[in-house]
Every structure is written in C-alpha cells, then in structure tokens.
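# what's the 3D shape of this:
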Amino acid sequence: MSILAFDLGASSGRAMLGRLTDTKMEVEELHRFGNDPVQVGDRLHWDILRLYYEIKQGLLKAKHQGETLQSIGIDSWAVDFGLLNSQGELLGNPYHYRDSHTKGKMEEVFADIPAAEIFARTGIQFLPFNTIYQLYALQHAKSPLLREADRFLMIPDLLRYFLTGEMHHEFSNATTTQLYNPKQQDWDRELIQKLRFPVSWFGSIVYPGTQVGQIRASLRDELAIPAIPVMAVAEHDTGSAVAAVPAMNKSFAYLSCGTWSLMGTELDEPVINEHALRLNFTNEGGIHGSYRLLKNIMGLWILQESRRAWERNGRRYEFAELVHMAIQAPAFTAFIDPDDPMFLHPGDMPAQIRAYCLQTGQQAPESLGATVRCILESLAMKYRYTFHLTEQLAQKSFEGLHMVGGGIHNKLLCQWTSNAIGKPVWAGPAEGSAIGNLAVQWIASGELSDIWEARNVIRDSFQVDTYEPRHADEWDQAYEHFLQITRL
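Numbering: from 1, shown residues only. Coordinates of the predicted model:
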C-alpha cells in the first residue's frame, strides 16, 4: 500500500508517493508544478484553484500508475487563508502574504492591544503578514468579503475542504495565526473578540495524525477514484520538515532551508517570556503536541527574486551558474541583514541590495557574482546569529545543525553555514516537508510507532551529507564586521 503527500511550497508544489518496505522509506515524485503568485491590479494573490487542479492531477497520476492509496495528506506555507460563505463557497482568491495591504497594520493593532499581551497569549513572533494582521487589514479596509464570510480556513485546511467537504483547523498551522493560545490549547477567543473578528469563524482544531474525512463523492466520480482517507499531518510545511529531521537525540537544532529559512529547536513546551519577546522568536505547533521554538529568516527568496530581476532584463541563469559566480567573487566585501523589511516584497532585489549597502556605508556589489556572494554570506552569518540566540533561549548547547529542505542542494551555502557557526552541518533530506508529511501518515496508520522510529527510518533511508567548519579565524573576523554593519 502507498500513501501520497502533497507538499506545497512558496514557489512550487509536488505530489510525492511514499512506500514503506523493510524499515526503509521509498519516495517517488509523481507530479511537480509551479506555484507562482498572481498580481491583479494592486493585489497579490495565490492561484488556489490552480493548486487544487494540480492536486487532482497528482491523484490521477497515482491512479494511472496503478497505486492503491492508503491515505493522503497536505502541507503548505503558513499564515494565509481563504474565507467561505454560509453555502461553503470560497470568497475570492486568498491574498499572498507578501501583498502590501498589511503595511502598518501590525502597529495599528498594537495601539489597541500591546505587543507584550499578544505575545503572552500566543507565543508567536511579530511579522507584518501574520494572519492576525491580514484579517485586521481586511477589516480596516471594510472588505466586502467580511460581510459574507462564515468560515475561515488556512490554505491546507481549504484544500482539504475542497477534497472532502469537511472543515477542520489543523494544530501546527493554527498556531501560526497569532490567534491560538498554547496555554488554553485552543483559539484565544478573548483576543479574537478584542479584535472584533467573528469567533464563529474559528472551528475545531485537530492534531497531526487525525483522519479528517475522505475524498468526497463528487470528486470520486470526476476522477474515478475510491474513497481515499485524508489525514491531517503537520500541515505547516516547517512542521513537516522538522518531523523529517534525522536527529539521534531530543536536543537538536534545525534549519529548514528554502524560500524561507526557519531555524530553531523542538521542545515539549513553548518558551513565552520577556527574553523570547525581545528576540522576536516564535513558538509554533509541531507533531505530537510539541512546539518549535524558531525564528524566521528571509532565506533564499532574496536570491530567487534577484534571479527573476536578471531574467526580466534578458539574462537567465541557472542557480548552479550563480553559485559558481559567487565562488569566483571576492569574500566578505559586503553584507546585508536578510531580514531588513526592504527585502520582503517582490521587486528589483539587486537594486535593493545595492541601496542597503550604500545606506550602511559599504561599497555596493558591482557584479552578479558579488551580489550572489553577498546574499549567501549574509545568510550564513544570519544563521550563526540565530543559532546562538536559539541556544540561549532553549538553554542548550547544540553539537551542530541539521539542514533540511531544497536549499541544501546549494552545497556552497551548506559549507558556509558550517564555517559561520563553527560546527558541523548535517544536510538532508532535501524533500524534508514531503517526507515528514509521509511519516506522520505512517505513524497514524500504525506502520511506525512514533516520531523517533520515523526519524531512525529516515536516517537510514536518505542521504545526509556532513560539512565540517573551515577557515574559522576568517569567518569569526567577518562575523564581527557583519554585526557592525547590520547593527544586530
């Protein structure tokens, strides 16, 4: 029997088939597709119906291959959502978290509810695109969607609803909204009421490993497929990626590396105190009721958006070419803080990098290679900074760093990350989110006993590359310069 994971990232999605044989996982990519946001006028949207279409294509490919699916699960990015009316119909394409309609809204919310109170209730870091500020932005704009809305569903919840006709909120994604209270283990209805959002929008929360329906009759007829069970997994893709970290003990640090970089550790309880608030760390739900103490880092989005800018000017490069150019460029000539707000929104990213460098008294990169090197070195330095903060907050010392996700294909970044933190980096598996999605389904079915057995199987099934630190003195000296430039 096979199972199917739909893993939707911020730039692409995939349908991954999983088989478990002789305590080893076998994973096959059945279907891969783009996930490009769509600009309509001043608004940036997700093409949610296209994503649903691609999910159906994945189901068809499994059928045509003769697979009998035991279950399916979906994971995706966090914070974004759809609104449905009382008839269960979707009210418009969901906004993209990089849309500008939330600009300044976080500060407006703080005028009514202090940031410290929000953090004490939710334990979630302050990012301008969090669900709480997206909803507030719609409310502030007097969006007609809110007059018709009857239910609120996060992106994986929404796609599951399309598949099954049943509405549930999944734990790991619910926690990212900044409207979930981990102490109450439920939506913070008092906070929701303070913000004048309808409490009725927020329904029952289910945990990873819960069956949340089966393929609805109309879809079974359309695709000529059976009533496949649909499972809630760790539906925030970072939650699934962390589930796939092949750690050997419970004290480990991870970096889920892709369009976003998310660094942290897994804990039994959230860390909600003044120190975590001051450092703007977050406590997101994970598998088996665990919490992921972590920090968002802008990640390879900066390189991806730079590549798009060069392509618009008629210069198309593969990522391997850009990495080769970076190797040829001089080291440590310019740094950026990847998390500066000027790098959040789409646009001419190389121009933004030049502007940042000039504003901070540096010489701006003059070539593509220098620009790419600036991005990758700055990311490695920000990883070091965040790694140390994670150790402080968790009150632990980590032996090294587990890197998972598509970003580990960039071996230069893996090596530079090891150089920066001065400790080993263990890179793999690359398809971490999909593998974690599959693992939760196997645990739910009883094929695997718990997450630690799953991690042992993952470690035995997929390649993990080890990177040892090099050139410690040079990287230590450059790190001090990075801190001075970025004022961290």
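
# For the spatially closest residue to I132 that is not a sequence neighbour, give its distance to G289.
Among residues not flanking I132 along the chain, Q178 sits closest, at 4.2 Å (Cβ to Cβ, 6 or more residues apart in numbering). C-beta here means a position set from N, CA and C on the backbone, and glycine is covered the same way. Q178 sits 19 Å away from G289, going by Cβ to Cβ, to the nearest Å.

# more neighbours, the two?
For Q178 versus G289, neighbours defined as other Cβ atoms under 10 Å are more numerous around Q178 (25 against 13).

# quick one, phi/psi of the more buried one?
Main-chain dihedrals, Q178, degrees, to the nearest 10: phi 70, psi 30.

# what sits against it?
I118, T122, I124, N130, T131, I132, Y133 (Cβ atoms under 8 Å, 6 or more residues apart in numbering).

# pretty sure the second one is touching P182, no?
Pointing back at T122 there. Yes: distance between T122 and P182: 7.4 Å, which falls inside the contact criterion (Cβ atoms under 8 Å).

# Between those two, which contacts overlap?
Listed as contacting both T122 and P182 by Cβ under 8 Å, 6+ apart are T175.

# Quick check on these two: which one has the bigger neighbour count.
T122 (25 against 20).

# Nearest spatial neighbour of the more buried one, chain-adjacent residues omitted?
Q178 (5.0 Å).

# And for Y180?
Per Cβ to Cβ, 6+ apart, closest to Y180 is A174, 4.9 Å.

# Tell me the helix or strand right after the helix or strand hosting that neighbour.
Using DSSP states H and E, A174 falls within helix 171-175. Heading C-terminal from helix 171-175, the first helix or strand you meet, by DSSP H and E, is strand 180-181.

# Please name every helix or strand in contact with that following strand.
If you count contacts as 3 or more Cβ pairs under 8 Å, 6 or more residues apart in numbering; DSSP states H and E, strand 180-181 packs onto helix 115-122, strand 186-187.

# Turn these into a markdown table, columns for distance to W426 and mean pLDDT.
Conversion of those to a markdown table gives the following (distance: least, Cβ to Cβ, whole Å; pLDDT from 0 to 100):
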| stretch | distance to W426 | mean pLDDT |
| --- | --- | --- |
| helix 115-122 | 32 | 98 |
| strand 186-187 | 36 | 98 |
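
# Just send those back as a markdown table, with distance to S204 too.
Formatted as a markdown table, the helices and strands packed on strand 180-181 follow (distance: least, Cβ to Cβ, whole Å):
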| stretch | distance to S204 |
| --- | --- |
| helix 115-122 | 19 |
| strand 186-187 | 9 |
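
# Y291 against Y180, yeah?
No: using Cβ under 8 Å, Y291 makes no contact with Y180, being 11.3 Å away.

# to the chain's geometric centre, what's the distance from the lengthiest helix in the chain?
The longest helix of the chain (DSSP state H) is helix 368-394. From the chain centre to the centre of helix 368-394 is a distance of 17 Å (Cα atoms, centre = their mean, to the nearest Å).

# Can you classify Q57 as helix, strand or coil?
At Q57 the chain is in helix, as set by DSSP: H, G, I helix; E, B strand; the rest coil.

# Name all residues that make contact with it.
Listed by Cβ under 8 Å, 6+ apart, the contact set of Q57 reads A15, H31, F33.

# Spit out the contact partners of the last one.
Which is F33. With contacts defined as Cβ under 8 Å, 6+ apart, F33 is in contact with S12, G13, R14, E54, Q57.

# Mark which of these are buried, thanks.
Listed as buried from the contacts of F33 are G13, R14, E54; burial here means 16 or more other Cβ atoms under 10 Å.

# Quick check: the first one vs G361, distance?
As judged by Cβ to Cβ, G13 and G361 stand 42 Å apart.

# Same check on the last one?
Here the distance between E54 and G361 works out to 47 Å (Cβ to Cβ).

# now swap in the second one and tell me
For R14, the distance to G361 equals 43 Å [Cβ to Cβ].

# ok, now how distant is L158 from T386?
Distance from L158 to T386, counting by Cβ to Cβ: 31 Å.

# let me fix that: F252
F252 is 15 Å from T386, by Cβ to Cβ.

# Same drill for the two, tell me which one is more crowded.
T386 (25 against 20).

# got the contact list for the more buried one?
So T386 contacts M263, K295, I297 (Cβ under 8 Å, 6+ apart).

# Tell me the pLDDT of it.
The per-residue pLDDT reported for T386 equals 98.

# mind starting the numbering at 23 from now?
New numbering, starting at 23: the last item is T408.

# what sits against G110?
Shown in contact with G110 (Cβ under 8 Å, 6+ apart): R173, Y183, G187, M189.

# Phi first, then psi, for it.
Given degrees, to the nearest 10, the pair of backbone angles that G110 has is phi 80, psi 20.

# With the one 4 residues further on instead?
Backbone dihedrals for G114, given as degrees, to the nearest 10, come out at phi 90, psi 160.

# any idea which element the residue lying closest to it once chain neighbours are set aside lies in?
Closest residue in space to G114, ignoring its immediate chain neighbours: L167 at 5.8 Å, by Cβ to Cβ, 6+ apart. Using DSSP H and E, the secondary-structure element containing L167 is helix 166-170.

# name the helices or strands packed onto that helix?
strand 103-106, helix 153-162.

# Report the next helix or strand after the shortest one in sequence order.
Note on strand 103-106: by DSSP H and E, the next helix or strand toward the C-terminus is helix 127-134.

# tilt between that following helix and helix 137-144?
Going by axes from the mean of the first three to the mean of the last three Cα atoms, to 10 degrees, helix 127-134 is angled at 100 degrees with respect to helix 137-144.

# which residues make contact with helix 127-134 from outside it?
Against helix 127-134 from outside (Cβ under 8 Å, 6+ apart): I140, F148, L149, P150, N152, I154, Y155, Y158, A159, H162, K216, L217.

# got a pLDDT number for the fifth one?
Here the pLDDT value assigned to N152 is 98.

# Identify the residues contacting it.
Contacts of N152 (Cβ under 8 Å, 6+ apart): V101, M128, I146, T198, T199, Q200.

# Please report phi then psi for the fifth one.
Going back to what we said before, that points to T199. Dihedral angles of T199 (phi, psi; degrees, to the nearest 10) stand at phi -70, psi -20.

# any idea how far S93 is from the closest residue to it other than its chain neighbours?
Leaving aside its chain neighbours, T199 sits nearest to T153 (3.7 Å; criterion: Cβ to Cβ, 6+ apart). Plainly put, T153 is 27 Å away from S93 if you go by Cβ to Cβ.

# How about K404?
Separation of K404 from S93 (Cβ to Cβ): 38 Å.
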